[in-house]
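Enquirer: Quick one: sequence and predicted model below, then my questions.
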Amino acid sequence: MAIKRHKITVVGAGFTGATTALMLAQKELGDVVLVDIPQLENPTKGKALDMLESTPVQGIDAKITGTSNYEDAKDSDVVIITAGIARKPGMSRDDLVNTNAGIVRSVCENVKLTSPNAYVIILSNPVDAMTYVANEALGFPKNRVIGQSGVLDTARYCTFIAQELNVSVEDVRGFVLGGHGDDMVPLVRYSNVGGIPIEKLISAERIEAIVQRTRVGGGEIVGLLGNGSAYYAPAASLVQMTEAILKDKKRIIPVIALLEGEYGYNNLFMGVPVILGGDGIEKIFELELTESEKAELDKSAVSVRNVIKVITG
Ligand SMILES: NC(=O)C1=CN([C@@H]2O[C@H](COP(=O)(O)OP(=O)(O)OC[C@H]3O[C@@H](n4cnc5c(N)ncnc54)[C@H](O)[C@@H]3O)[C@@H](O)[C@H]2O)C=CC1
Ligand SMILES: O=C([O-])CC(=O)C(=O)O
């Protein structure tokens with residue numbers, strides 16, 4: 001049988017969705033279908049066509065199409081969900097929960113019917129709770145329902161460490177665990193630069209400042225943009241996750257996964273380090289945590305559960 005290109009659907013053709021579609025095409029990860037609501041069908045087609053017309057200039061082979069019809073997205077290998085509203089200054093991600101739960105649920109009902117074998121990556125906020133909602137609506141095996149938070153939060157953390165030391169971002173390694181809220185848990189003990197623990201290179205006071213800036217990193221961008229939230233780094237994070245799956249790279253990265261006993265939590269979707277490869281979430285790593293790290297993770301887990309309670313009652 002002829003080898004076919006991968007098919008990747010991005011639901012939500014707004015800032016994050018459109019940026020993700022372009023970045024996916026630029027990496028030639030597959031053909032991209034951009035889906036938005038029927039009222040926005042023409043602008044969605046227009047964005048996709050504009051991107052497609054950039055491909056000869058960029059020297060990339062990828063079809064990019066826009067639609068509001070899930071039949072066009074049929075049998076996608078990966079579906080990325082960015083549909084929903086974004087926060088504005090003064091709002092928390094949790095303020096989006098009721099509106100976005102309805103949107104994510106209806107999107108997932110369509111995805112379930114048209115791409116039953118897809119690996120689904122959720123971005124819509126509050127993302128831990130939205131991954132829970134997606135899982136309920138999809139009914140897919142847990143390795144195929146994956147939320148994005150940790151790649152982005154870790155990227156921000158590593159950016160700030162590289163800036164602090166004036167070294168290459170390529171040499172910075174770290175992990176941010178927990179929910180995608182202001183009580184996320186950057187793991188300082190597991191962070192290094194070129195193998196050197198950051199605690200040997202940066203003062204405790206400056207590390208604490210980096211941790212705090214990471215925790216409110218999304219809010220920093222929301223404050224600067226004034227009318228929406230981050231999209232370049234979130235899109236890059238989604239592309240890294242998609243690439244890990246489609247190329248079976250077996251990356252070790254933090255994603256939002258269903259926890260069934262890991263770290264002592266049950267029936268909870270939250271950010272933990274996993275192997276992400278051709279079968280989605282292939283393994284969850286349970287890192288050894290100190291008492292204070294575990295207490296921070298517990299606090300973050302309580303926040304995630306409280307948001308889920310808003311929708312489940
Ligand atoms: N988890 C994370 O790390 C991040 C999450 N986000 C979240 O991603 C979401 C999208 O953010 P942006 O792209 O900046 O917002 P945006 O407003 O630019 O785009 C959202 C798009 O979703 C579409 N949409 C709404 N209902 C839909 C439906 N039922 N079906 C298909 N499309 C639908 C809208 O028409 C709009 O085009 C927000 O909830 C935001 O908070 C954003 C950045 C990072
Ligand atoms: O802050 C927001 O609302 C969007 C987001 O999740 C992020 O950029 O981390």
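Expert: Noted; the coordinates are in hand. Ligands and ions are numbered 1, 2, ... in the order given.
Enquirer: From now on I want contacts and neighbour counts done on CA atoms only, so please keep to that.
Expert: OK.
Enquirer: Show me what from the stretch 201-313 of the chain comes close to ligand 1.
Expert: 228-231, 234 (Cα under 6 Å from any ligand atom).
Enquirer: ranking those residues by neighbours, who comes first?
Expert: Most neighbours among these, by other Cα atoms under 10 Å: P234, with 24 neighbours.
Enquirer: Residue of the protein nearest ligand 2, please.
Expert: In the chain, the residue that lies nearest ligand 2 is G218 (3.4 Å; Cα to the nearest ligand atom).
Enquirer: From L29, how far off is that residue?
Expert: 27 Å (Cα to Cα, to the nearest Å).
Enquirer: Could you look up the SS state of L287?
Expert: coil (DSSP: H, G, I helix; E, B strand; the rest coil).
Enquirer: ok, now P89?
Expert: coil.
Enquirer: which residues does it contact?
Expert: 219, 222-223, 226-228 (Cα atoms under 8 Å, 6 or more residues apart in numbering).
Enquirer: try 7 Å
Expert: 222-223, 226 (Cα atoms under 7 Å, 6 or more residues apart in numbering).
Enquirer: Adding distance to V111 and secondary structure, write these out as JSON lines.
Expert: Shown next, in JSON lines, are the contacts of P89 (distance: Cα to Cα, whole Å; DSSP: H, G, I helix; E, B strand; the rest coil):
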{"residue": "V222", "distance to V111": "30", "secondary structure": "helix"}
{"residue": "G223", "distance to V111": "33", "secondary structure": "helix"}
{"residue": "G226", "distance to V111": "32", "secondary structure": "coil"}
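Enquirer: buried residues in stretch 64-72?
Expert: 64-68, 70, 72 (16 or more other Cα atoms under 10 Å).
Enquirer: for stretch 27-37, that is, sorry about that
Expert: Neighbour-count burial for stretch 27-37 [16+ other Cα under 10 Å]: 28-37.
Enquirer: what does the average pLDDT come to for it?
Expert: Average pLDDT, stretch 27-37: 98.
Enquirer: Give me the neighbour count for L259.
Expert: There are 18 residues near L259, going by other Cα under 10 Å.
Enquirer: packing partners for the strand or helix carrying it?
Expert: According to DSSP states H and E, L259 maps onto strand 251-260. Helices and strands touching strand 251-260, by 3 or more Cα pairs under 7 Å, 6 or more residues apart in numbering; DSSP states H and E, are strand 145-147, helix 150-165, strand 266-277.
Enquirer: what's the pLDDT at the closest residue to A233 other than its chain neighbours?
Expert: Excluding the flanking residues, the one nearest A233 by Cα to Cα, 6 or more residues apart in numbering is L152, at 6.4 Å. Predicted confidence (pLDDT) for L152: 98.
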